[in-house]
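In: model the structure of this input:
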Amino acid sequence: MKAVLVDNSTKMLGHRAGVDHISFEVGQGEILELLGASAVGKASTIMMLATVPNLSSGIATVGGCGISGSGTA
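Out: The predicted structure follows:
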């Protein structure tokens, strides 16, 4: 089982995509590090995984529990 699974997920911030169609997996015992310039979606990705607020589209699970989204792009 993957600790975190994100598949084609998007988080809209108003009319702008804060996170646009990202996909990644993190296995149990692995460490995820998000690197990037300012305003590229690192905090939005973490907020999306913490369901604050829910993702706009795609699929995401944390610890086997699904995070709800619309499921459409």
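
In: go ahead and confirm residue 24 touches residue 3.
Out: No: with contacts counted by C-beta atoms under 8 Å, residue 24 stays clear of residue 3, the gap being 11.3 Å. Just so you know, the C-beta spots here come from the backbone N, C-alpha and C atoms, and that holds for glycine as well.

In: for the residue located most distally from the centre of the chain, what are its contacts?
Out: Residue farthest from the centre of the chain, counting by C-alpha atoms, centre = their mean, is residue 29 at 18.8 Å. For residue 29, the contact set (C-beta atoms under 8 Å, 6 or more residues apart in numbering) comprises residue 3.

In: quick check: it vs residue 41, distance?
Out: Distance, residue 29 to residue 41, using C-beta to C-beta, to the nearest Å: 25 Å.

In: list the buried ones in the lowest-mean-pLDDT helix or strand in the chain?
Out: The helix or strand of the chain with the lowest confidence, counting by mean pLDDT, DSSP states H and E, is strand 65-67 at a mean of 81. For strand 65-67, the neighbour count (16 or more other C-beta atoms under 10 Å) marks residue 67 as buried.

In: what are the pairing partners of that strand, and which direction each?
Out: Here strand 65-67 is paired, per DSSP bridges, with strand 57-62 (antiparallel).

In: average pLDDT for the strand it pairs with?
Out: Averaged over strand 57-62, pLDDT sits at 85.

In: return the set of buried residues in that strand.
Out: 57, 58, 59, 60, 61, 62.

In: can you tell me which of the residues you listed is closest to residue 48?
Out: residue 60 (6.9 Å; C-beta to C-beta).

In: list the contacts for that closest one?
Out: 4, 5, 6, 7, 9, 48, 49, 66, 67, 69.

In: same thing with residue 4?
Out: Contacts of residue 4 (C-beta under 8 Å, 6+ apart): 24, 25, 26, 32, 49, 60, 61, 62, 63.

In: just put those in JSON lines and tack on distance to residue 18.
Out: Formatted as JSON lines, the contacts of residue 4 follow (distance: C-beta to C-beta, whole Å):
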{"residue": "24", "distance to residue 18": "16"}
{"residue": "25", "distance to residue 18": "21"}
{"residue": "26", "distance to residue 18": "20"}
{"residue": "32", "distance to residue 18": "18"}
{"residue": "49", "distance to residue 18": "13"}
{"residue": "60", "distance to residue 18": "14"}
{"residue": "61", "distance to residue 18": "20"}
{"residue": "62", "distance to residue 18": "18"}
{"residue": "63", "distance to residue 18": "23"}
